Every structure is written in C-alpha cells, then in structure tokens.
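K.L.:
below is the sequence, then the predicted model.
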Amino acid sequence: MDEQGFTAWAVGAERRLLRSAYLLTGDLHRAEDLVQEALVKVALRWARLHDGNPTAYARTIIVRDNISWWRRRRDVPMPTPRELAAVSSDAEAALVVRRSLDRLTPKQRAVVVLRHFDDLSEHDTAAVLGVSVGTVKSQNAAALARLRHGAPELLDLIGGPP
Amino acid sequence: MTELHDLLHRATDRIDGPDLAARALTGARRRRARNRGVVAAVAAAAAVVAVVVSVELTTGGARVDQPPVLSPSPSPTQGVATAPAIDPSRIQPVWDPRTVEGLPVTDLGVPRVMESLVPGVVTRPVAVLDDGERARLVGGDEVMAELPLPDGLGDRRIVSLSPDGTQLAAVGISGFFWRTLDGDWEQVRHTRVSGEAPQVTWLPDGSGLIGRDWNSAVRVDLPSGDVEELPFPLDVGQFAVGPEGAVVATVPRQVIEWHEGREGARWATGPLDGLVLPAVGTNEIAFARANVLFDDERGVADRDGLIAVDRETFETRGYLPVPDDHDYYVHAEELRPVAWLDDDTVAFTVLPEGSPKEYLVTWNVETGALSRISCWEKSFSAVFATGLLGS
C-alpha cells in the first residue's frame, strides 16, 4: 500500500470530514469514531481509490454508517459551554446550529450538511445518500422549511430567511 | 445559502483532526493482518496462527472432553480456494423486507409480537430483549420478566442467552459475567474482555462461550469459569461456531474455518464479495453478503442479500437479494443470519428500512420460502435461544 499517499490525503481531508461528521451527529466522540472507521475503509481500498475520489467515498461511509447509530441513539445531551468552546470560536453559533439540526430528520440533516457545509451538488449529495436528485431537492426544501419555522434563532444569526 | 454555509463553518471552526490518519493506518494494517490469518503480535515470526477452540462434544449422552489446545498450529500450506460464482439458477427474486408483514406466520415457540408480552415468571426463556437500559427475559408462553444485570455494564453491553435457554452472559464496561437461569451473576476472572466492541458466542452445547472485544478473545469454560486466552487474529470481523465446534470467521474477502485448533479450510470469497455475519450449520453456512465490487457493471448477482453456501465446496445453495439502493441492510448490519433450523432453513433478523419493528424470519434456501416468526421494537436488541427455535 502507498502509505505516504494515503497519509497525505488523509491529513488533508480528516478535519473537513470530522467537522461534517460532527454536524451530522452533534457528538464529537461519535464523529471521531465515524471518521476513523471511514479512514480505515479508505486505507483498505486505497489501491482502487487513490486515483478516484477517496474523499467522496469516505463521506459516503460516514453518512451511511451513521444510519444504524442514528436508529438506536439516545438523545445526545446538549453540550456544555466547555464542549461548545472546543468545537467553535463562537459558542452561541455552535449551540444554535446544534439545536437547529436536532430538529431535522436524519436524512434532512444529512442533506443540509452535505449541501450547505460540504458544498456538494445535488447530484453528488444524491450519490452519497443513495437517493434520487429529486429526493435531495425535496428533503432540502423540507429541511429549510423546518428550520425556517422551528429555528428562528438560526435566521437571526444568518440575517434572513434561508 | 452562503450565510448558512458560513454559519455551519463558524459552528465547527475549532474542530481539528486528532491525527486520525495514523490511527486509520494502524487499523488497516491490523485488518490486513487478519486477512492473512496472521496475529499481529506474532507477525514477526511469520507464523500463521490458528485459533483453537475445543468443545465438549456430547455423544450418545456421554460427554467427551476435548481439552483446549491453544498453541499456534503449524502453518497451513494448502492454497486458498476461491468460492465459485453464484449459479444464476440459485438467485431468488429480490425480496423487499418492507413487505415482511405480508409473509405467512410460522410458530417456532417464540412470541409472535414481543410488544404484547405480560409480566410474569419466565421458566423457559426463548429470548432476551435489551435496549441498553432494560433487559428482559422472554418466555415462549408470552410472558416476560425484567432481567437484572451486573452494575456498570453501560449501554453498549451485550446480553446473550445460551442456545438451550438455561444460561446467560453479559459483557460490558464493568466486565464479563455469566449465570445460570436460577443462579447469580458471576464475574469471569482473568480476562480483559470488556465493553469495547464486545461479542459473545456460545459453544453449541452450552458448555462454554467465546467472548471477544476489540483486542482480545477468550474461551470460558462453564461452570468452572476457567478462562483460556485465544490467539484470535485481530482482524477477524465476525465469527460463529458450528454444531460440531468448528469456528468459522470472516476476514476481508476471506472465510476461515478452524477445526480442533487447526485451520481446516480457507476460502477467498472471490465473486461472492463481502461475506459477513456467518451462521454455521452442519453442512452449510449462511452469510449476509455485501456486493462491494462497485467498479464493475452491475450483473444479476451484484446486489446485497443473504447467501447460503455449502461448507465443503462453497457453492451457493441459495441467494436472496434485497434492495441495496441505500446500502442499508448489509452495511448497517440490519440483515443478520441467526441460526440454521435444519439443512435447508435458516433464521435471520431484519429491520426493514423505515420500520419501527425488527423481525425474525425464516428462509428456506432451496425453495426461497419465507416465514415471519416474531417481531419487536427496534430499540431492543434480541438474542434467541437458538436451540429452542422450533423445538
């Protein structure tokens, strides 16, 4: 295996993947577990992936592995101020985002993170989630509507209706 | 949506990558080592290590003790056979688990709906339900009883019922415990197996069990409590014990079978792709199958599902594909072979996508016939006394 090549890719990708996984889960430890497992899977397939898009593959693993955890998870407790300070320089923003995303269904949350944090196209978001582009569009619209009505504090922070 | 984008970034701007790349490389090396059947700790010796598990076999009512042999076996020199491709005639129609409620119901002595159980005294448990907060013993007569557990196991614990329903085991953060149905919990001493990704598998005659966590495995003899550390290859994904005591384990792209301490067979899964979660019968093995060859044009067998293979030849006896558009059932381990009920029938659990309930279903691998046995709320994990199913 080309360990140097894998390491160079992983070092460059892991922070972004971890932040994305945190937004998906609201739990930094769980996010680390998800990213760790995804990186192992990428490493095992590096020979086939390195010429392609290993980040897209890792992102797919993270989102899909999260499905089974989501199903059985207990309510993840709201983070303490110290925990919020560990994830963001703006603790208020971190808390509002966390509360807002908790209002979404798992799939809506994934669509919001993939589209609006990872900047994936609708097509790429659909590929990660294994759904149609139409589903991504409808889930995104539903998610934003739910945020609009259920999380007005989010609108306050971003200065207008999303 | 630039503002939302900016806010999501601001809300996570202090998260840093704690060198996950190095840890991932270590993890990948371990799994590769498992794939080669090499215990990482003795890799320098280049010895192929076989897991040795002995069991007490019951023959004609007399117990024949086969003492554990736990030293590494000589290196197996036979080549690795590759499983043959699935014969198209063995591929059954795609079954959508979301239609499970429409299946005919078969009574195997397990309550059909676990939500309608009544509290009472359970004298003959057929299952254990556990949601991480409460564990319940379930009787075949629609009665359930709360099952007190040792303190401190945590919510990622494993609670397991022996095949004959007379013994219990529990593994979690506070340790590894067992008890008879009427006895008290006893801690298994001298073992490091605990709550990190635990797995517990009973030996078929209930004389002991194999406990495993992320970095160690032990065979526990019951009721003496004697513990043998097993030189278990670290990269074994899942394992199961066959009726005669052989251990069958999956590693990436391979399946290994050990008999009495020696590697008896090793198969490259080849065109069968990713085989996980084995359930071992006398002459057959069932797996959940993940179709991982994503760069090939999709063929008729290129779909996730349940597969039953012959133990000697690895020829496919039956293949039950399921929808895999979302990579849900096999990748999320929501499709799990449980046990063989006879030479043709395997019981499995499935959580249909979007369903609030998980199901126990039987599959006749020759005819493709499916039957619904039981269901329970998805927040519970269910473990069955497999020796009592249908008895």
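P.N.:
Yep, it's here. Numbering: from 1, shown residues only, chains lettered A, B, ... in the order given.

K.L.:
contacting residues for B:Asp130?
P.N.:
Going by Cβ atoms under 8 Å, 6 or more residues apart in numbering or on different chains, B:Asp130 touches B:Arg136, B:Leu147, B:Arg157, B:Val159, B:Phe380, B:Ser381, B:Val383. Any C-beta I mention is one placed from the backbone N, CA and C, and that applies to glycine too.

K.L.:
what about it, distance to chain A?
P.N.:
B:Asp130 sits 11 Å away from chain A, going by Cβ to the nearest Cβ, to the nearest Å.

K.L.:
tell me how far the lowest-mean-pLDDT helix or strand in chain A lies from the chain's centre.
P.N.:
Lowest on mean pLDDT, DSSP states H and E among the helices and strands of chain A sits helix A:152-158, with a mean of 73. Relative to the centre of its chain, helix A:152-158 is centred 20 Å away, using Cα atoms, centre = their mean, to the nearest Å.

K.L.:
what's the answer for stretch B:251-258, then?
P.N.:
On Cα atoms, centre = their mean, the centre of stretch B:251-258 falls 14 Å from that of its chain.

K.L.:
give me the mean pLDDT for that stretch.
P.N.:
When pLDDT is averaged along stretch B:251-258, the result is 83.

K.L.:
and chain A, is it touching that?
P.N.:
Yes: Stretch B:251-258 reaches chain A (Cβ under 8 Å from any Cβ of the partner chain) through B:Pro252.

K.L.:
longest helix in chain A, by residue count?
P.N.:
Longest helix in chain A, counting residues (DSSP state H): helix A:3-25.

K.L.:
just after that helix, pick out the following helix or strand.
P.N.:
Once helix A:3-25 ends, the next helix or strand along the chain (criterion: DSSP states H and E) is helix A:28-44.

K.L.:
buried sites along the helix or strand just after that following helix?
P.N.:
Next helix or strand after helix A:28-44 toward the C-terminus (DSSP H and E): helix A:46-49. For helix A:46-49, a neighbour-count test (16 or more other Cβ atoms under 10 Å in any protein chain shown) marks A:Trp46, A:Leu49 as buried.

K.L.:
so how far is helix A:46-49 from its chain's centroid?
P.N.:
Put simply, helix A:46-49 sits 23 Å off its chain's centre (Cα atoms, centre = their mean).

K.L.:
could you pull up phi and psi at residue 137?
P.N.:
Using chain A. Main-chain torsions, A:Lys137, degrees, to the nearest 10: phi -60, psi -50.

K.L.:
I was after chain B.
P.N.:
According to degrees, to the nearest 10, B:Leu137 has phi -90, psi 140.

K.L.:
pLDDT at residue 149, what is it?
P.N.:
In the absence of a named chain, chain A is used. According to the prediction, A:His149 has pLDDT 79.

K.L.:
oops, I was thinking of chain B
P.N.:
Value listed for B:Leu149 in the pLDDT field: 95.

K.L.:
just to check, A:Leu129 is in contact with A:Val112?
P.N.:
No: the criterion here is Cβ atoms under 8 Å, and A:Leu129 misses it with A:Val112 at 11.7 Å.

K.L.:
the two: which has the busier surroundings?
P.N.:
Neighbours were counted for A:Leu129 and for A:Val112 using other Cβ atoms under 10 Å in any protein chain shown; A:Val112 has more, 26 against 22.

K.L.:
could you check the pLDDT of the nearest residue to that one once chain neighbours are set aside?
P.N.:
Nearest residue to A:Val112 in three dimensions, chain neighbours excluded: A:Ala143, at 5.0 Å (Cβ to Cβ, 6 or more residues apart in numbering or on different chains). A:Ala143 carries a pLDDT value of 88.

K.L.:
A:Ala143 touches A:Arg109, doesn't it?
P.N.:
Yes: A:Ala143 is within contact range of A:Arg109, at 7.3 Å (criterion: Cβ under 8 Å).

K.L.:
which one of the residues in the stretch 51-200 of chain B is closest to chain A?
P.N.:
Residue nearest to chain A within the stretch 51-200 of chain B: B:Asp155 (7.2 Å; Cβ to the nearest Cβ).

K.L.:
residues of the helix or strand hosting the residue nearest to A:Val112 that come out buried?
P.N.:
If you go by DSSP H and E, A:Ala143 is part of helix A:133-150. Using 16+ other Cβ under 10 Å as the test for burial, helix A:133-150 gives A:Thr135, A:Val136, A:Gln139, A:Asn140, A:Ala143, A:Leu144, A:Arg146, A:Leu147.

K.L.:
likewise stretch B:344-356?
P.N.:
Going by neighbour count (16+ other Cβ under 10 Å), the buried part of stretch B:344-356 is B:Asp344, B:Thr345, B:Val346, B:Ala347, B:Phe348, B:Thr349, B:Val350, B:Leu351, B:Pro352, B:Glu353, B:Ser355.

K.L.:
with pLDDT, distance to chain A and secondary structure as added columns, please give the residues you listed in CSV.
P.N.:
Below are the buried residues of stretch B:344-356 laid out as CSV (pLDDT from 0 to 100; distance: Cβ to the nearest Cβ, whole Å; DSSP: H, G, I helix; E, B strand; the rest coil):
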residue, pLDDT, distance to chain A, secondary structure
B:Asp344, 91, 30, coil
B:Thr345, 94, 27, strand
B:Val346, 97, 22, strand
B:Ala347, 97, 21, strand
B:Phe348, 97, 16, strand
B:Thr349, 96, 13, strand
B:Val350, 95, 13, strand
B:Leu351, 93, 8, coil
B:Pro352, 92, 12, coil
B:Glu353, 88, 9, coil
B:Ser355, 90, 10, coil
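
K.L.:
just put the residues you listed in CSV and tack on distance to A:Gly26.
P.N.:
As requested, these are exported to CSV (distance: Cβ to Cβ, whole Å):
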residue, distance to A:Gly26
B:Asp344, 46
B:Thr345, 43
B:Val346, 38
B:Ala347, 36
B:Phe348, 33
B:Thr349, 29
B:Val350, 28
B:Leu351, 23
B:Pro352, 26
B:Glu353, 23
B:Ser355, 24
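
K.L.:
just want the most central residue of chain A.
P.N.:
Central residue of chain A (Cα atoms, centre = their mean): A:Ser20, 3.4 Å from the mean position.

K.L.:
hang on, that residue packs against A:Ile61?
P.N.:
No: with contact defined as Cβ under 8 Å, A:Ser20 does not count as touching A:Ile61 (11.9 Å).

K.L.:
quick check: closest non-adjacent residue to residue 22.
P.N.:
Just so you know, I chose chain A. A:Ala31 (4.2 Å).

K.L.:
nope, chain B please
P.N.:
In space, B:Ala22 is closest to A:Thr7, 7.5 Å off (Cβ to Cβ, 6+ apart).

K.L.:
which residues in the stretch 51-200 of chain B form helices?
P.N.:
Counting by DSSP state H, counting those that start in this stretch, one finds no helices in the stretch 51-200 of chain B.

K.L.:
how near is the nearest residue to B:Pro163 once chain neighbours are set aside to chain A?
P.N.:
With sequence-adjacent residues excluded and distances taken as Cβ to Cβ, 6+ apart, B:Pro163 is closest to B:Gly387, at 3.6 Å. Distance of B:Gly387 to chain A, computed by Cβ to the nearest Cβ: 27 Å.

K.L.:
what does B:His259 give?
P.N.:
With distances taken as Cβ to the nearest Cβ, B:His259 is found 29 Å from chain A.

K.L.:
which pLDDT value goes with the closest residue to that residue other than its chain neighbours?
P.N.:
The shortest distance from B:His259 to any non-neighbouring residue, by Cβ to Cβ, 6+ apart, is to B:Ala246 (4.9 Å). For B:Ala246, the pLDDT comes out at 86.

K.L.:
and B:Ala246, what does it touch?
P.N.:
B:Glu257, B:Trp258, B:His259, B:Gly264, B:Val280.

K.L.:
kindly recompute the last result at 7 Å.
P.N.:
Going by Cβ atoms under 7 Å, 6 or more residues apart in numbering or on different chains, B:Ala246 touches B:Glu257, B:Trp258, B:His259, B:Gly264.

K.L.:
and those residues, which of them are in helices?
P.N.:
Among the contacts of B:Ala246, no residue falls in helices (DSSP H).

K.L.:
neighbour-wise, which one of these leads?
P.N.:
Highest count within those by other Cβ under 10 Å belongs to B:Trp258, 24 neighbours.
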